[in-house]
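S.K.: Please work out how this folds:
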Amino acid sequence: MREIETAFVGKMIAGVSHELMNVLAIIKERSGLIEDLLALDNTSFPYRDKLTKTLLTIREQVGRGMEISDRVNKFAHTMDESMVRLGIDELLDQLAFLMQRFARLKKVQLKVGPVEPSVLIDTDPFRLQMILAACLEYCLARTASQGVITLQCQHKGKEIAIQCVSEPNSSPKEDVHEFPNLQANLQQALDDLGLRLLPLSGKHQVGLELILPTSK
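M.R.: Residues are numbered from 1 along each chain as shown. Prediction:
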């Protein structure tokens with residue numbers, strides 16, 4: 001029943017995001033038409049410059065809205081199937097985009113390290129993103145303003161490690177006791193996907209490491 005409910009939510013979000021992209025496409029087309037008409041006639045009139053700048057802003061925001069809608073649509077489609085093959089680089093890029101607002105509110109920068117060579121995994125993309133989002137939130141809560149959180153991937157034999165590392169670490173030492181709570185909350189999903197979650201610590205860092213097998 002859980003899978004049916006998740007697929008339903010994904011279907012609804014995908015449908016709405018697609019409709020939103022249609023609305024934005026119409027706005028883009030109409031504003032572009034106005035820009036073309038202005039370009040055909042160089043006659044000066046009151047507020048021409050303001051109108052031109054306004055149309056530029058509309059174009060930029062429509063582009064931003066289209067990208068957001070496209071990302072939401074892709075996220076919704078991660079609920080379509082419980083097991084798919086995907087690339088780690090694409091996964092981390094998508095996750096960083098979806099979590100940008102939460103990082104921006106805390107004045108923290110999100111970065112994605114290069115994944116070389118490209119790594120493919122067979123996994124449940126929705127649940128894996130849920131786990132990684134929880135890891136990012138954990139690190140966000142422990143990262144000082146103007147800090148940086150980096151999502152990166154490391155090869156470890158037949159396994160890979162997705163690391164979420166924040167600098168500088170602003171958390172008090174007793175925060176280390178919060179990791180068992182996070183692990184307990186995610187344990188069922190970790191077990192279902194065959195993953196291990198480990199803490200990372202350093203003099204000026206705090207982070208998490210998610211261990212998962214690569215695809216053959």
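S.K.: Tell me the gap between stretch 100-116 and the middle of its chain.
M.R.: Taking CA atoms, centre = their mean, to the nearest Å, the mean C-alpha location of stretch 100-116 is offset from the chain mean by 9 Å.
S.K.: got it, and stretch 143-152?
M.R.: Centroid displacement of stretch 143-152 relative to its chain, using CA atoms, centre = their mean, is 15 Å.
S.K.: Please identify the buried residues of it?
M.R.: Neighbour counts over stretch 143-152 (16 or more other CB atoms under 10 Å) mark Thr143, Gly147, Ile149, Thr150, Leu151, Gln152 as buried. Where you see a C-beta, it was placed from the backbone N, CA and C, and this is true even at glycine.
S.K.: The protein: strands as residue ranges?
M.R.: Secondary structure of the chain (DSSP state E): strands located at 84-87, 109-112, 120-123, 143-156, 159-169, 196-201, 206-213.
S.K.: could you dump those strands to JSON lines with mean pLDDT and distance to Asn73?
M.R.: Below are the strands of the chain laid out as JSON lines (pLDDT from 0 to 100; distance: least, CB to CB, whole Å):
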{"stretch": "strand 84-87", "mean pLDDT": "90", "distance to Asn73": "16"}
{"stretch": "strand 109-112", "mean pLDDT": "94", "distance to Asn73": "20"}
{"stretch": "strand 120-123", "mean pLDDT": "90", "distance to Asn73": "20"}
{"stretch": "strand 143-156", "mean pLDDT": "91", "distance to Asn73": "22"}
{"stretch": "strand 159-169", "mean pLDDT": "87", "distance to Asn73": "24"}
{"stretch": "strand 196-201", "mean pLDDT": "90", "distance to Asn73": "29"}
{"stretch": "strand 206-213", "mean pLDDT": "91", "distance to Asn73": "25"}
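S.K.: Could you dump the ones you listed into a markdown table with distance to Met99 added?
M.R.: As requested, those are arranged in a markdown table below (distance: least, CB to CB, whole Å):
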| stretch | distance to Met99 |
| --- | --- |
| strand 84-87 | 18 |
| strand 109-112 | 6 |
| strand 120-123 | 19 |
| strand 143-156 | 9 |
| strand 159-169 | 10 |
| strand 196-201 | 18 |
| strand 206-213 | 14 |
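S.K.: Show me the one of these that comes nearest Arg48.
M.R.: With respect to Arg48, and counting by CB to CB, the nearest of the strands of the chain is strand 109-112 at 38.6 Å.
S.K.: In the closest one, which of the residues would be classed as buried?
M.R.: So, applying 16+ other CB under 10 Å, buried residues of strand 109-112: Leu110, Val112.
S.K.: Of the buried residues of stretch 143-152, which is the nearest to Leu95?
M.R.: Looking across the buried residues of stretch 143-152 and measuring by CB to CB, the closest to Leu95 is Leu151, at 6.9 Å.
S.K.: Quickly list what the closest one is bridged to.
M.R.: Val112, Cys164 (DSSP bridges).
S.K.: can you check the one 4 residues further on too?
M.R.: His155 has the following beta-bridge partners by DSSP bridges: Ile160.
S.K.: Could you measure from it over to Ala25?
M.R.: As judged by CB to CB, to the nearest Å, His155 and Ala25 stand 41 Å apart.
S.K.: returning to what we had before: tabulate the buried residues of stretch 143-152 (a markdown table), appending distance to Asp122.
M.R.: Listed next are the buried residues of stretch 143-152 as a markdown table, based on distance: CB to CB, whole Å:
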| residue | distance to Asp122 |
| --- | --- |
| Thr143 | 32 |
| Gly147 | 34 |
| Ile149 | 27 |
| Thr150 | 25 |
| Leu151 | 20 |
| Gln152 | 21 |
